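Asks: Build me a model:
(chains A, B, C and D, ligands or ions: 4)
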Amino acid sequence: MSGGSVVRPYGDTTGDGMVQVSFTLPVPHDKRAEGAAVQLAAKMGIDPAMVVHAKQMGDGYTFFVVYGRVNHLVDLSAVRVVERDFPLLSAREVNTVVKQRLRRKLSVVGACIGTDAHTVGIDAILNVKGIAGEKGLEYYRELTVTNLGAQVSVPELVAAARRERADAVLVSQVVTQRDAHLHNTREMSAAFREAVPAGRRPLLIVGGPRFDESMAAELGVDRIFGRGTTPGEVASYLVHALVTGRGAAR
Amino acid sequence: MSGGSVVRPYGDTTGDGMVQVSFTLPVPHDKRAEGAAVQLAAKMGIDPAMVVHAKQMGDGYTFFVVYGRVNHLVDLSAVRVVERDFPLLSAREVNTVVKQRLRRKLSVVGACIGTDAHTVGIDAILNVKGIAGEKGLEYYRELTVTNLGAQVSVPELVAAARRERADAVLVSQVVTQRDAHLHNTREMSAAFREAVPAGRRPLLIVGGPRFDESMAAELGVDRIFGRGTTPGEVASYLVHALVTGRGAAR
Amino acid sequence: MGKLDLDPVVVARARELARRVGQPVVDLARSHTTVSVERAVLRLAGVAGADPDGIPWVNRLVDAVVADVGLGHGVAVPVFDALAREGLADVTVLAQKAAAGSVRFALPSGKAATAARRASRKAVAAGVRRIDRRRAERDRLVRRFGDPARRPWIYLIVATGDIYEDIPQAQAAARAGADVIAVIRSTGQSLLDYVPEGATREGFAGTYATQENFRLMRAALDESSRELGRYVRLTNYASGLCMPEMAALAGLERLDMMLNDSMYGILFRDINPVRTFVDQRFSRQVHARAGIVINTGEDNYLTTADAVDEAHTVTVSQLLNEFFAHEAGLADWQLGLGHAFEINPDVPESLRLELAHALLARELFPDAPLKWMPPTKHMTGDVFRGNLLDGFFNLVGAMTGQGILLVGMMTEAVVTPWLSDRDIALQNVRYVLGAAGGLHEDFVPAPGGFVQQRAQRVLGEAVELLERIGERSLLTAIAEGTFGIMRRPADRGKGLDGVAAHEADYYNPATEILERPA
Amino acid sequence: MGKLDLDPVVVARARELARRVGQPVVDLARSHTTVSVERAVLRLAGVAGADPDGIPWVNRLVDAVVADVGLGHGVAVPVFDALAREGLADVTVLAQKAAAGSVRFALPSGKAATAARRASRKAVAAGVRRIDRRRAERDRLVRRFGDPARRPWIYLIVATGDIYEDIPQAQAAARAGADVIAVIRSTGQSLLDYVPEGATREGFAGTYATQENFRLMRAALDESSRELGRYVRLTNYASGLCMPEMAALAGLERLDMMLNDSMYGILFRDINPVRTFVDQRFSRQVHARAGIVINTGEDNYLTTADAVDEAHTVTVSQLLNEFFAHEAGLADWQLGLGHAFEINPDVPESLRLELAHALLARELFPDAPLKWMPPTKHMTGDVFRGNLLDGFFNLVGAMTGQGILLVGMMTEAVVTPWLSDRDIALQNVRYVLGAAGGLHEDFVPAPGGFVQQRAQRVLGEAVELLERIGERSLLTAIAEGTFGIMRRPADRGKGLDGVAAHEADYYNPATEILERPA
Ligand code: B12
Ligand code: B12
Ligand SMILES: Cc1ncc(COP(=O)(O)O)c(C=O)c1O
Ligand SMILES: Cc1ncc(COP(=O)(O)O)c(C=O)c1O
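Replies: Ligands and ions are numbered 1, 2, ... in the order given. Below is the predicted model of the structure:
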């Protein structure tokens, strides 16, 4: 543990900087290949690098496991993360605030867009069943939830958001190969920008296990939720962004 | 596979640059810690970096698994390795050459020095039993082998080398914590430099699973053998360095 | 046999109930057709290729027929009637003309009808003969190269999205020990109501299933089989909106196994239940003829439903899949009934529960190969733990005599498998099978103990559920979320507009041929 | 009991042969002393601390006595005689004076001798009472905090070389589930003929064993025990040239287990056999008194010898360790007899062989806790595979009821364990014990099958070997490389100069006290 703001990786002694790395190089296994592995490790800042395992796969690929010391420092004070900037409310509090301040039900439309059919994540947020012991948004009396399910196209989503007068649109993306999740999210946010006047655009939220939460602006959405999100967090954010927060006038 | 001399790590597509990394940071697990993990990954050249696993251990440490793309190129033409620069001989060939050209038995003294007691490696090279189906140096008729065993001090080793008129001294070092193997090797080579006139110094060879074979000069030895060495390689090198090679006049 | 001490009366009752639940669905399937069934017929009759936009001629042709005379009569007669009328020899040329709007379709009667039937039957029979030849070829190659030395067969996926990356990876996997290669499809494909054409390089998390990709991969694996002296099998999906066509293409390109489930499309792709059951029956008839092993999808239920609470739904589905498969002509050796190692690893005695479930499947279906699916849902980014779980999955597979072992990847929760993941996974399998391959001899569930009790309980729950379903209907049960906790009403879901009830004169030469003993 | 169907006659014969082989060695041990035995006596008598160079006063004092009167009379009488003559109250002060050369030692006779004996016995008795108090304290703490809920106990090592890094790591490990913490010693320590002093931070691949380090770690683990509501045990090594002193210090600092083997030092540290057997007997008498569990070192043999070919040498050594331990007063619950999962994982059915070996130990020594050692020799830099092997090791441990599970580390072939390695390893153990903890109920080696045959064969080979050893002597067998394929003649090896045969008047108050029933 460390009080200071600069730390190093810890193998078994403070400051030892030890890390483990594995990768494949498209070369058959020989001494040159091991040298190539050391070269890559060196470029990653590992020095000394120990190639502790090398195994050829097929004709021309070799898998390596490397241990060694990285010389990088981690500056904790330079870490920028999307910290929760809103209070965490109970379901009862969410309901009370929506009822008293918004004076109508808050409408939420959810979907898995593109060809993605992984609904377990969005269902965990929306369905009564919820996740990790927390009930999903359907359980909240003052929220109206429309869950469109899987493989919804962007035009369908925009239409549904209109129809349901959505205050917020919640989109899930789980498949990430070839950055599918990023493409789909960009397409979605562009479609809303195009279809809805800026002032009346619903709050756009995306979630999924492999998103980088700091990319919201870049993707044109209001917020990103990652691995392990719970419904309570989402509900609290909705209240903050749409009812109580500074930007809530939108 | 790649014909070119510049390659990248291969996850599942040529050129994707994907690697896996794990490490511990001395911080409790929270969003800042995950941000710190991403920062370290970025410094290692991984971008985008996915923190796919984070687990707090005890109060103040968190273990991370990160996947992502490194932007480094591996230049195969720049790899410098200690390639075998001598022919691989059979035991019979070794015996013949020594007998015909050296016209006496070649004397080899082996030991595990310092506090290191791992003799399996040096025994694999020296004992008749050998390793990987190859007999050890004791099996070679024209080699005289003295195996001093474990935890031999440097003075003892120097004395034995003198006594046995060693042509070559073979030292094993397996324990590497706090660079024990490097310290011990340096101490050993310095002792020989001090005790024996340059021209009559025996060939100094070290071996062990965690040595970097390119460090011979730095450690003051003639050759380093790493992971998976076989007795035949060592015997062939001995013949090359002491009998047939260019520097063999030493 | 008989490690579980199952009551044969209860087992017989379970099968009888499955028949009772399944029969109405068979009746439904026998009295309906779908656009994809008809397209499959045309593919067997020789229609090939696609228009410049990539829409296959079979689609253009069926659409044209449907526009003129509807779907309920089947397309064979109108198509071969038009062919005769147009004086054409090639059905693909007819399709092109129809697409250009220069052919009209009608329902012939009398002699013309009889001639059209005869002509269509001849054309389709030629297609079926091609499938027969591919089956004989497979038998020959298996004889020449040999089958894997032992069960379970090792089943590995490739999923780069690019057939030209898939091929070397598949070959590397075969070399490293894979007996079966599955090429995973691109995420969107199951909802496409057509089969893409040609070699493809742009799938997401999978590679498009096309006839050309099938051909390329099968050829590559033939090469590997020759090199390795062991016939390496190829798998794809007869699933989604084009299930019947996929089956036909698989038969034509000598694929060896197909993922083919009676309910997967309904539950996990929101495909209309009637569409699915009709497509499924036809596709299974083709698989039966082609000597293809099907793999059913019960494993998927446990990714959305709890593997302990809903274990009996897997058993129920296996019994239904078995019933539907037998009805469609598949033999026991062709039934890769699915199940999975998906119990939360934190549940006490989870491994013994898995053993109980896996052994239950084994003893209920002694002659079916059984497809054993690795942990997916409870895999996390902790790849070290992941590889460990996969090892215990392999162990249960070995101890309970599973037939087809889908190899688990330590990166399950992270990425589609990397080359190295597959290598690590195969090493894992080799270790476990090598070290503990014979452990089943010493695995004797204590009489009346934990494992037996659990298996008997799951079977009991399955019987109860079948009874409840029998009182209503399978379609109702599906609508109510019985399987995989997905609710799918019979009048909803994708592809319903591609379904039609048979008219009195419905004619399908393929069904006719396939339903006659070969 | 009785999964192996071992023949009780063969088992009884094995024990009888072990007694026959062991007795001459006991006789040897009873008739010799060593410098370390004598230093241990002085430690019990209250000599503490070290000179400014770090050489303990016990060493200085024994050296001085030996210089004046030799070792064979024991040091107690000359020392307490000198103490009386010098009019000193404190033996440490005497040692300091002796080191300065200002005291001479002699062999008193008559009254002076009787007085010296009595005084030394009183002083040593006080030391033994301190050990008794620590034992009572342990009993109290175990009652208060509780024992681990289940077997096997989870045993984890720390090995940073720095006691102040070791402590937080040990506490983290305890929190993560370790029941026993072992602090590995620095590589050189076993050949030091003295025990270093004070808190240390500079070990290589382990931390020096010192009384102060013992105290610091025990205090830290007492804190953890309180926090966790479970008494966390501490282990170190009574091994090497200072075995008897380590035993005494362990008793004084309430360590709970000690690595203590009858042959390890001989085989793996080239310590003289006689020295080892003498030291070993004394150290075990101390352990018996201190309520310490010993862990023997048979696992080590399998790092140099083949685990299949030489499996019976492990059994022979276990039988000998048992005999020596009983003779020294240890009860069965104190016998952590060692064995290991070291079969080459590429050997067919390796897991079943491991099960046979592990079960053999279990059934031969039903009341001993048994120490089960993870794979080390066949671990490689492939850490993914390593974690997998460790999982199957854990499985065998659970299925065969091992008492003390040494937790394997995936980085075994790479580094001394990292913090994260330990966490991953514990997660592995938790998974396996949680998921398959009850699998032993269903593990019933087939009668006359692979597992039973193998176990019976190993036992048979052990009996044969014991017979062969009995015909010559244990010392001869050791000289010939019977164990761990290391040849160690009785007249060679380190520390021989520190051995002496008892003179007629040899007196050792500690032995006298320890051999009297407590
Ligand atoms: C279950 C599952 C399936 C089920 C899906 C059932 C269903 N109805 O969802 C089935 C079996 C059908 C399936 C099929 C496929 N799958 Co899948 N599947 C999984 C699996 C095992 C678990 C996913 C899951 O349910 N996680 C649990 C939920 C609760 O977590 P989550 O999604 O992360 O959601 C949480 C947060 O991310 C967040 N969140 C998520 N979405 C949202 C949205 C909002 C608005 C908010 C606020 C928060 C939020 O909150 C949630 C709760 O904490 C993963 C592997 C794994 N272990 O992760 C693979 C995985 C996701 N599948 C994968 C693939 C490739 C497929 C297929 C495409 C394979 C194929 N070609 O056949 C198919 C087709 C699916 C398709 N068209 O998309 C890949 C994706 C690879 C990648 N990174 O690109 C994975 C990673 C497996 C792998 N390694 O190959 N799959
Ligand atoms: C066997 C073993 C032991 C045995 C040793 C028995 C013996 N007589 O050698 C015993 C049980 C006694 C032992 C004890 C200890 N061990 Co140990 N042991 C191992 C183990 C399991 C295998 C090593 C081995 O035999 N490898 C097989 C041989 C054939 O391989 P090799 O040594 O690499 O040799 C090959 C090449 O490197 C090369 N080579 C090696 N030397 C030479 C020399 C020459 C001249 C040449 C040409 C070539 C050459 O050729 C050989 C053949 O290919 C390793 C873990 C592992 N799996 O690697 C730990 C390991 C080496 N041990 C370790 C430790 C810490 C210890 C202890 C210090 C622990 C303790 N504090 O109690 C003790 C004390 C030992 C001491 N004082 O040195 C650590 C070292 C950590 C580090 N990197 O610093 C390891 C890595 C385990 C770990 N992860 O903690 N150990
Ligand atoms: C029967 C079946 N069909 C299809 C799939 C794959 O999904 P998709 O429909 O996207 O090809 C699976 C997945 O495991 C399956 O089990
Ligand atoms: C009985 C015994 N003593 C000691 C050790 C450790 O070695 P060292 O003597 O270097 O402390 C071991 C290693 O496992 C052992 O089993």
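Asks: from here on, contacts and neighbour counts on C-alpha atoms
Replies: Will do.
Asks: looking at it, residue C:221 is touching residue C:232, isn't it?
Replies: Yes. Contact criterion CA atoms under 8 Å: residue C:221 and residue C:232 qualify, at 6.2 Å.
Asks: so where's chain A uncertain?
Replies: A:1-4, A:246-250 (pLDDT under 70).
Asks: And the residue of it that's closest to ligand 3?
Replies: residue A:117 (7.9 Å; CA to the nearest ligand atom).
Asks: List the contacts of residue C:155.
Replies: Applying CA atoms under 8 Å, 6 or more residues apart in numbering or on different chains to residue C:155 gives the contacts C:178, C:179, C:180, C:181, C:182, C:404, C:405, C:406, C:407.
Asks: Just the ones in strands from those, please.
Replies: Of the contacts of residue C:155, the ones assigned to strands by DSSP state E are C:180, C:181, C:182, C:404, C:405, C:406.
Asks: Make sure residue C:150 is indeed in a helix.
Replies: No. Counting by DSSP: H, G, I helix; E, B strand; the rest coil, residue C:150 is located in no helix; its state is coil.
Asks: Looking at the contacts of residue C:155, which one is closest to chain D?
Replies: Of all the contacts of residue C:155, residue C:407 has the smallest distance to chain D: 14.8 Å, by CA to the nearest CA.
Asks: For burial, what's the neighbour tally of that closest one?
Replies: Neighbourhood size, residue C:407 [other CA atoms under 10 Å in any protein chain shown]: 25.
Asks: now swap in residue A:180 and tell me
Replies: 17.
Asks: Just give the closest residue to it, not the sequence neighbours.
Replies: Distances taken as CA to CA, 6 or more residues apart in numbering or on different chains place residue C:204 nearest to residue A:180, at 7.1 Å, with adjacent residues excluded.
Asks: What is the burial count for the closest residue to ligand 2 within the stretch 151-300 of chain C?
Replies: Nearest residue of the stretch 151-300 of chain C to ligand 2: residue C:176, at 24.6 Å (CA to the nearest ligand atom). Residue C:176 sits with 16 neighbouring residues when counted by other CA under 10 Å.
Asks: re earlier: residue C:221 and residue C:232 - which one has more neighbours?
Replies: The residue with more neighbours, out of residue C:221 and residue C:232, is residue C:232; 33 against 24, by other CA under 10 Å.
Asks: Quick check: the more buried one touching residue C:174?
Replies: Yes. In this structure residue C:232 lies within contact range of residue C:174 using CA under 8 Å: 7.0 Å.
Asks: hey, what's in contact with both of those two?
Replies: In contact with both residue C:232 and residue C:174: C:180, C:181, C:224, using CA under 8 Å, 6+ apart.
Asks: Closest to residue D:262 out of these?
Replies: Nearest to residue D:262 among these is residue C:180, at 53.5 Å by CA to CA.
Asks: Now the buried members of the shared contacts of residue C:232 and residue C:174.
Replies: Taking 16 or more other CA atoms under 10 Å in any protein chain shown as the criterion, what is buried in the shared contacts of residue C:232 and residue C:174 is C:180, C:181, C:224.
Asks: okay, the second one: pLDDT?
Replies: What that stands for is residue C:181. Listed pLDDT for residue C:181 reads 98.
Asks: in chain A, which spans are strands?
Replies: A:6-7, A:18-25, A:46-57, A:61-70, A:74-75, A:106-112, A:143-147, A:168-172, A:203-207, A:223-225.
Asks: does any part of the last one sit near chain B?
Replies: No. Interface with chain B: strand A:223-225 contributes nothing (CA under 8 Å from any CA of the partner chain), its closest point being 12.3 Å away.
Asks: want to try JSON lines for the strands of chain A, with mean neighbour count and distance to residue A:124 as columns?
Replies: Formatted as JSON lines, the strands of chain A follow (neighbours: other CA atoms under 10 Å in any protein chain shown; distance: least, CA to CA, whole Å):
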{"stretch": "strand A:6-7", "mean neighbour count": "16", "distance to residue A:124": "36"}
{"stretch": "strand A:18-25", "mean neighbour count": "24", "distance to residue A:124": "33"}
{"stretch": "strand A:46-57", "mean neighbour count": "21", "distance to residue A:124": "40"}
{"stretch": "strand A:61-70", "mean neighbour count": "24", "distance to residue A:124": "37"}
{"stretch": "strand A:74-75", "mean neighbour count": "18", "distance to residue A:124": "35"}
{"stretch": "strand A:106-112", "mean neighbour count": "25", "distance to residue A:124": "11"}
{"stretch": "strand A:143-147", "mean neighbour count": "20", "distance to residue A:124": "11"}
{"stretch": "strand A:168-172", "mean neighbour count": "25", "distance to residue A:124": "11"}
{"stretch": "strand A:203-207", "mean neighbour count": "22", "distance to residue A:124": "11"}
{"stretch": "strand A:223-225", "mean neighbour count": "22", "distance to residue A:124": "13"}
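Asks: Out of these, which gets nearest to residue D:6?
Replies: Here strand A:46-57 is closest among the strands of chain A (CA to CA), at 42.5 Å.
Asks: tell me, how many neighbours does the spatially closest residue to the residue of chain A closest to ligand 3 that is not a sequence neighbour end up with?
Replies: Leaving aside its chain neighbours, residue A:117 sits nearest to residue A:150 (4.7 Å; criterion: CA to CA, 6+ apart). Residue A:150 is flanked by 22 other residues according to other CA under 10 Å.
Asks: got a list of what residue A:150 touches?
Replies: A:111, A:112, A:113, A:115, A:116, A:117, A:118, A:119, C:269.
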